[in-house]
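Asks: Next one to model:
(one chain, ligands or ions: 1)
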Amino acid sequence: MGLGEALRGEPQVADPNAARAIEQGRHHSPYGTQKKKAAVVPAGPDPVLPMTAPDLADLPFELDGGVKVFKLVAEPVKRKIAPFKTIDVWGYNGNCPGPSIQVQQGDRVRVIFENRLPEATSIHWHGLEVPIEQDGVPWISQKPIAPGEKYTYEFTVHQEGTFFYHSHGAMQEMMGMIGFFVAHPERSYTPRAEHDFGVILQEWAVLPNNSVPNTAAMEYNWLTFNGVAAPAITPMIVRLGSRVRLRIINMGMDHHPIHLHGNQFVMTGTEGGRAPESTWYPMNTVLVGVAQARVVEFEAKYPGSWMLHCHLPHHMMNSMSDLLRDRAIETASSTDARALAQMETLAKSVPFEHVHHSPIAENANAVPGFPQDAFMEMGMDDAVEKPETFGLPANWSAGMMGMMTLVRVLPEKEYGEMMGRIGQAKKMGAAS
Ligand SMILES: [Cu+2]
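Replies: Here you go, the predicted model:
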């Protein structure tokens, strides 16, 4: 039977036992090549440290005779990327980016996939070494999954590391169809981290008064971490003295140099898995190219709210519609206090995106080159308030835009109180 005939047939699910035998043969562990032994359940806490991706959901699974079964649905989604901006995108299970799939190295995984999009799609398991019929490339390894159709993917995850799942249509990717696929190692990485965070980098071209990203555009005005633009991105909360892991993945059109203030980190992994310790060297900016994953780790030695952001200047701002329209900005002979009051009023009555923050000169509009910075800043502390922002200085949100968040390193007592606050909010959210 030729490939064409095979593709016209029913969705093919490889014989799970045959696949398992083949895949165990090539199982590779970052800790050596010894054969996988029967799992020994260690006494004490679970050695797997789950990844937390702020503002993203996790995809739950059910067990079917030792196989982890996930249900993934591709569908149109409305995503609120800022308090005043909701966009129409495509994603999975009501989320964009899609919910995170987290498994353990060695797991057998089944993904029951349903296409509720108006066009065909498929899922590619980016970086995972799966049998060819599970690779998710339309016409090459499978028939495109038609609107309304279901398809089952199944494979054994013999790797550890930070992978993705995404549509294999370039324009569907740019509509947001991507999610984390994290394979936790059989044994905890060393040194052990206490916090493990995930960030998905995306960029969007959404013209003023539009809600649909222009996927043919090559310039972007909205830049997001996990589908949210600063200051609406939920800060990462870490305990002073702990080791922190950040997994950053990029499935967009741009490369992003991600910079952490006030700390040095080492790159401990890529989209190919854990990197040997001998390759680690100090840095504080890591370039995350398209289709890449970068995993960095650092010791949170210094208390404070440290910025983590893309350092491309245009990626540190929200909708650049001011630059596309005329640049008229109200000049203010006003004091800073008045500017702040004005900002507050506008922030509460969103859809204003920009208003100057610091005082500007009477003749500002007459100066060639103006504005450069004045238009960018708008505080909206109230609009983006959540437990994780508790205790930040007033007007903290004015300087937060685009791909930007805070890593808040809190001493033991404050950390405990913060965790209590977050737990309480979750409980109330679940009850309501
Ligand atoms: Cu960037």
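
Asks: what helix or strand is the residue most central in space within the chain on?
Replies: Central residue of the chain (C-alpha atoms, centre = their mean): residue 200, 2.3 Å from the mean position. Here residue 200 sits within strand 195-204, counting by DSSP states H and E.

Asks: For the ion, tell me whether that strand is touching it.
Replies: No: Strand 195-204 lies out of reach of the ion by C-beta under 5 Å from the ion, never closer than 6.7 Å. Every C-beta, even on glycine, is put in place using the N, C-alpha and C of the backbone.

Asks: Look through the stretch 51-200 of the chain and state the residue closest to the ion.
Replies: Relative to the ion, the nearest point of the stretch 51-200 of the chain is residue 199 (11.6 Å; C-beta to the ion).

Asks: what about that residue, how many neighbours?
Replies: 26 (other C-beta atoms under 10 Å).

Asks: Spit out the contact partners of it.
Replies: 53, 54, 225, 226, 246, 247, 248, 249, 258, 405 (C-beta atoms under 8 Å, 6 or more residues apart in numbering).

Asks: OK, contacts around the closest residue to the first one other than its chain neighbours?
Replies: Sequence neighbours aside, residue 198 is the residue nearest to residue 53 in space, at 3.7 Å (criterion: C-beta to C-beta, 6 or more residues apart in numbering). Going by C-beta under 8 Å, 6+ apart, residue 198 touches 51-53, 56, 100, 162, 180, 182, 226, 246-249.

Asks: ok, back up a step: and which of the contacts of residue 199 is nearest to the ion?
Replies: Closest to the ion, out of all of the contacts of residue 199 and judged by C-beta to the ion, is residue 258, at 7.7 Å.

Asks: neighbours around the closest one, how many?
Replies: Counted with other C-beta under 10 Å, residue 258 comes out at 25.

Asks: Ok, the one 3 residues further on next?
Replies: One way to gauge burial is a neighbour count; for residue 261, by other C-beta under 10 Å, it gives 14.

Asks: Start the count at 15 instead of 1 going forward.
Replies: Okay, residue one is now 15; in that scheme the one you just asked about reads as residue 275.

Asks: pLDDT value on it, please?
Replies: pLDDT recorded at residue 275 is 98.

Asks: any idea how far it lies from the ion?
Replies: 16 Å (C-beta to the ion, to the nearest Å).

Asks: Which residues outside the host helix or strand of residue 433 are in contact with it?
Replies: Under the criterion of DSSP H and E, residue 433 resides in helix 426-445. Helix 426-445 is contacted by residues 251, 252, 253, 254, 400, 401, 402, 404, 405, 422, 424 when judged by C-beta under 8 Å, 6+ apart.

Asks: Using CSV, please lay out these together with neighbour count and secondary structure.
Replies: Below are those laid out as CSV (neighbours: other C-beta atoms under 10 Å; DSSP: H, G, I helix; E, B strand; the rest coil):
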residue, neighbour count, secondary structure
251, 23, strand
252, 22, strand
253, 19, strand
254, 17, coil
400, 13, coil
401, 17, helix
402, 20, helix
404, 16, coil
405, 13, coil
422, 22, strand
424, 20, strand
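
Asks: Adding pLDDT, write those out as JSON lines.
Replies: Compiled in JSON lines, those are given as follows (pLDDT from 0 to 100):
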{"residue": "251", "pLDDT": "98"}
{"residue": "252", "pLDDT": "97"}
{"residue": "253", "pLDDT": "97"}
{"residue": "254", "pLDDT": "98"}
{"residue": "400", "pLDDT": "94"}
{"residue": "401", "pLDDT": "96"}
{"residue": "402", "pLDDT": "96"}
{"residue": "404", "pLDDT": "95"}
{"residue": "405", "pLDDT": "95"}
{"residue": "422", "pLDDT": "98"}
{"residue": "424", "pLDDT": "98"}
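
Asks: now, the most widely separated pair of those?
Replies: 254 and 400 (21.2 Å; C-beta to C-beta).

Asks: for the lengthiest strand in the chain, which positions count as buried?
Replies: Selection of the longest strand in the chain by residue count, based on DSSP state E, yields strand 81-96. The neighbour-count check on strand 81-96 (16 or more other C-beta atoms under 10 Å) flags 82, 83, 84, 86, 87, 88, 89, 91, 93, 95, 96 as buried.

Asks: who does that strand touch, helix- and strand-wise?
Replies: Judged by 3 or more C-beta pairs under 8 Å, 6 or more residues apart in numbering; DSSP states H and E, strand 81-96 is in contact with strand 75-78, strand 99-106, strand 115-118, strand 122-129, strand 236-239.

Asks: tell me the angle that strand makes with strand 209-218.
Replies: 60 degrees (axes from the mean of the first three to the mean of the last three C-alpha atoms, to 10 degrees).

Asks: Please export the C-alpha coordinates of strand 81-96 as CSV.
Replies: C-alpha atoms of strand 81-96 as CSV (Å, rounded to 0.1, in the frame of the first residue of the first chain):
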residue,chain,number,x,y,z
VAL,A,81,-1.3,5.4,29.7
LYS,A,82,-1.7,9.1,30.4
VAL,A,83,-4.7,10.2,28.3
PHE,A,84,-5.1,13.9,27.4
LYS,A,85,-8.1,15.4,25.6
LEU,A,86,-7.1,18.3,23.4
VAL,A,87,-9.5,20.5,21.4
ALA,A,88,-8.5,23.0,18.8
GLU,A,89,-10.9,25.9,18.7
PRO,A,90,-11.4,29.7,18.3
VAL,A,91,-10.7,31.5,21.6
LYS,A,92,-11.1,35.0,22.9
ARG,A,93,-8.0,36.1,24.8
LYS,A,94,-7.8,39.1,27.0
ILE,A,95,-4.3,40.3,26.5
ALA,A,96,-4.6,43.5,28.4
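
Asks: And the average pLDDT for that strand is what?
Replies: If you average the pLDDT values across strand 81-96, you get 96.

Asks: Direction included, what does that strand pair up with?
Replies: strand 75-78 (antiparallel), strand 99-106 (antiparallel), strand 122-129 (parallel) (DSSP bridges).

Asks: Let me see the residues that make contact with the second one.
Replies: Residues outside strand 99-106 that contact it (C-beta under 8 Å, 6+ apart) are 73, 86-95, 110-113, 131, 186, 189-191, 193, 218, 220, 225-227, 236, 243, 333, 365.

Asks: For this protein, which residues are neighbours of the ion?
Replies: Near the ion, when you scan the chain using C-beta under 5 Å from the ion, you find 270, 324, 326, 329.

Asks: circling back: want to throw the buried residues of strand 81-96 into CSV with distance to residue 135?
Replies: Compiled in CSV, these are given as follows (distance: C-beta to C-beta, whole Å):
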residue, distance to residue 135
82, 22
83, 20
84, 16
86, 11
87, 11
88, 5
89, 10
91, 14
93, 18
95, 22
96, 27
